[in-house]
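**Student:** Got a sequence here, can you build the structure:
(4 chains)
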There are 2 protein chains.
Amino acid sequence: MITLRQLRYVEAIARLGHFGRAAEQCSVTQPALSLQVKLVEEELGVSLFERLPRGVRPTPEGAEIARRAARVLAEVRDISDFARINREPLTGPLNLGVIPTVAPYLLPPMLPLLRARHPALKLRVRESRTEHLLDALADGSLDVLLLALPVDRPEFETMAILEDRFLLAMPASRKISGKVKATAELIKDDRLLLLEEGHCLRDQALAVCDLRESETGEAFGASSLSTIVQLVANDLGLTLLPEICLSVEAEGRGITLLRFADPEPQRTLGLAWRKSSPRAADCLALADVVGEVGRERKARTV
Amino acid sequence: MITLRQLRYVEAIARLGHFGRAAEQCSVTQPALSLQVKLVEEELGVSLFERLPRGVRPTPEGAEIARRAARVLAEVRDISDFARINREPLTGPLNLGVIPTVAPYLLPPMLPLLRARHPALKLRVRESRTEHLLDALADGSLDVLLLALPVDRPEFETMAILEDRFLLAMPASRKISGKVKATAELIKDDRLLLLEEGHCLRDQALAVCDLRESETGEAFGASSLSTIVQLVANDLGLTLLPEICLSVEAEGRGITLLRFADPEPQRTLGLAWRKSSPRAADCLALADVVGEVGRERKARTV
DNA sequence: TAAAAATACTCCATAGGTATTTTAT
DNA sequence: ATAAAATACCTATGGAGTATTTTTA
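**Tutor:** Purely as a prediction, here's the structure:
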């Protein structure tokens, strides 16, 4: 019967192409590896490695078996992680991905709070656009994402945390009664400033204004909301801002904000993780922190 | 470090709810199991089972870990299977699913051929409609399907084997010049007889005639092509027949067949299997047999 | 109190280590 | 000729068995 130890050895040898180095990485001697590999080859009745004078090369079957072994080993690691995470949520390394239209506004208050509540957490943050984050989540280089829902990949679990309303930002120079509500028509008569393509916020803003990508004309594509706010302040157009960014981007910047009439357009922020992830408990704990910070941020600005 | 043996024990105990019976199934003594479970619980720091006076119940964490263990064990079994299948394709048990509009025509010639070429193969066949077959393939109760492509599930690998043209079947009483070609219009003026809902052939026939499901009127839903052929022979309507069925269903039955004009409508028959299946080599060997039988059957009839 | 799991203790199979030989270019 | 894998042989860990005790509704 095959053992996990044997799969570890086979995987390491396939990866390194060398019994000696694999032995070192597995913290055993080379003969120990040789023996186990021999046993596996006998048990399975296939030759796993082609022995060359300067190392080994996996046979086609060996390569496939090593790939499968790697999957098995990862899942076994997941079992240990699952147990540890359930024992003590938010400890150890956690790779978090955040979209650029959320990171600058929610991370600053989140990080100290996480540090205080979960001192054993080693958070590693990556900021990137939705599409890249989803790919990284799928291949395991990220554990959990903070982004705008919905996410259409069925292999991911998601959890909505926060409704983030959109407000219309216009130059402060325009005199508007405090009672006026924003509408899509108001925007169509002016120039809508957007983030560059690939930002989900761009697509959401277009949807709010009921515009297709093709109708945007020569719309400038900014790479950050601060840039856009500067442009708006200088009367170069209008934009939509999510409320979580207001305290950072809108105060004292020479812009006026207008709430939309009900139903107010909004995006839903939440977490996403692999359904098979052992860190579901972590995600729930993280969701608490995100929700807390988000609510506090909203309260401050609307 | 956790071992596969421990995962086997944990999985068996969770499944049976009883150390003693699990020990029996694992062919070890109960104390051996108890010890290994204890080691796992210590290593993971989680209690896996709630000990009751008449057996045990998995804790929530224990249940999740047992589920993951079952996955790991299945994948390890896959590794062994993969090796065995590569050593000797088409040996051992293989669960094949076939759609009802293919099974009666390709299986009869396939089975003796498989028996002759792969005497060690223990083929188990299930005949059902596409949807059920796909579900069974997904949950592992079938290993490979013989059906009409395409299949839209990304977790399955498919391989096209055979183009199976459709011919128009009409009552022999109608006098038609041998030169006339069938067209969709010819069918619309008459009554199209179809299989009951759920058969992919029904949908394909509707597509050929450019009809929606809603336009079929009170179309009778037959459960087999032979029934339909009888109806056609008695001048109750027309139907489309795939060429692989002709030698069985069309000879001496009082119907006339009409080829379609180019491009002739057709369905593509092929195999589907889980991408992760260890039996890809089996599938290729099986594809050879299907292709051979299919070509021979077509040659006989067109 | 009775069924079932845990413990105590012994044994042995097997993984691993050291020293050495064989292999392949 | 040389790097690297295979083999020989010994050691020791840990998994399994038998007998027995403890646990819990």
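
**Student:** Phi, psi for residue A:3 please.
**Tutor:** phi -120, psi 160 (degrees, to the nearest 10).

**Student:** Could you measure from it over to DNA strand C?
**Tutor:** Taking CB to the nearest atom of the strand, to the nearest Å as the measure, residue A:3 falls 6 Å from DNA strand C. Quick note: C-beta positions are derived from backbone N, CA and C, even for glycine.

**Student:** Surely that residue and residue B:4 touch.
**Tutor:** Yes. Between residue A:3 and residue B:4 there is a contact at 5.8 Å, judged by CB atoms under 8 Å.

**Student:** out of those two, which sits in the more crowded spot?
**Tutor:** A direct count of neighbours by other CB atoms under 10 Å in any protein chain shown for residue A:3 and residue B:4 places residue B:4 higher, at 20 against 16.

**Student:** what's the pLDDT at the residue lying closest to the more buried one once chain neighbours are set aside?
**Tutor:** Nearest residue to residue B:4, sequence neighbours excluded (CB to CB, 6 or more residues apart in numbering or on different chains): residue A:4, at 5.1 Å. What the model reports as pLDDT for residue A:4 is 94.

**Student:** Then residue A:288?
**Tutor:** 94.

**Student:** And it, how close does it get to residue B:12?
**Tutor:** 37 Å (CB to CB, to the nearest Å).

**Student:** Please identify which of those two sits among more neighbours.
**Tutor:** residue B:12 (22 against 14).

**Student:** tell me the pLDDT at the closest residue to residue A:294 other than its chain neighbours?
**Tutor:** Leaving out its chain neighbours, the residue that sits closest to residue A:294 by CB to CB, 6+ apart is residue A:162, at 4.0 Å. Looking at residue A:162, its pLDDT stands at 94.

**Student:** The one 10 residues further on now?
**Tutor:** In this prediction, residue A:172 carries a pLDDT score of 84.

**Student:** Run a quick check on it versus residue A:256, I expect a contact.
**Tutor:** Yes. Using CB under 8 Å, residue A:172 is in contact with residue A:256, at 5.0 Å.

**Student:** So what's the residue count around the residue nearest to residue A:294?
**Tutor:** Around residue A:162 there are 24 residues (other CB under 10 Å).

**Student:** Could you do the one 4 residues further on as well?
**Tutor:** A count of nearby residues for residue A:166, using other CB under 10 Å, gives 21.

**Student:** That one looks like it's in a strand, true?
**Tutor:** Yes. Counting by DSSP: H, G, I helix; E, B strand; the rest coil, one finds residue A:166 located in a strand.

**Student:** what helices or strands is the host helix or strand of residue A:10 leaning on?
**Tutor:** Per DSSP states H and E: residue A:10 is located in helix A:4-16. Packing contacts for helix A:4-16, counted by 3 or more CB pairs under 8 Å, 6 or more residues apart in numbering or on different chains; DSSP states H and E, involve helix A:19-25, helix A:30-44, strand A:55-58, helix A:60-87.

**Student:** got the contact list for it?
**Tutor:** A:19, A:22, A:25-26, A:33, A:36-37, A:39-40, A:48-49, A:56, A:58, A:62-63, A:65-66, A:69-70, A:72-73, A:76, B:1-4, B:76, B:79 (CB atoms under 8 Å, 6 or more residues apart in numbering or on different chains).

**Student:** beta partners for the residue of the stretch 51-200 of chain A found nearest DNA strand D?
**Tutor:** The stretch 51-200 of chain A approaches DNA strand D most closely through residue A:55 (4.4 Å), counting by CB to the nearest atom of the strand. Beta bridges link residue A:55 to residue A:52 when assigned by DSSP bridges.

**Student:** what does the stretch 51-200 of chain A put close to DNA strand D?
**Tutor:** Residues of the stretch 51-200 of chain A lying close to DNA strand D by CB under 7 Å from any atom of the strand are A:51, A:53-56.

**Student:** for the strand or helix carrying residue A:137, which positions count as buried?
**Tutor:** Counting by DSSP H and E, the element that carries residue A:137 is helix A:130-138. For helix A:130-138, a neighbour-count test (16 or more other CB atoms under 10 Å in any protein chain shown) marks A:130, A:133-134, A:136-137 as buried.

**Student:** ok, of the contacts of helix A:4-16, which come out buried?
**Tutor:** Using 16+ other CB under 10 Å as the burial test, the contacts of helix A:4-16 include A:19, A:22, A:26, A:33, A:36-37, A:40, A:48-49, A:56, A:58, A:62, A:65-66, A:69-70, A:72-73, A:76, B:2-4, B:76, B:79 as buried.

**Student:** What are the contacting residues of the worst-scoring helix or strand of chain A on mean pLDDT?
**Tutor:** Counting by mean pLDDT, DSSP states H and E, the weakest-scoring helix or strand in chain A turns out to be helix A:184-188, with a mean of 74. Contact with helix A:184-188 is made by A:168, A:208-211, A:238, A:258, as judged by CB under 8 Å, 6+ apart.
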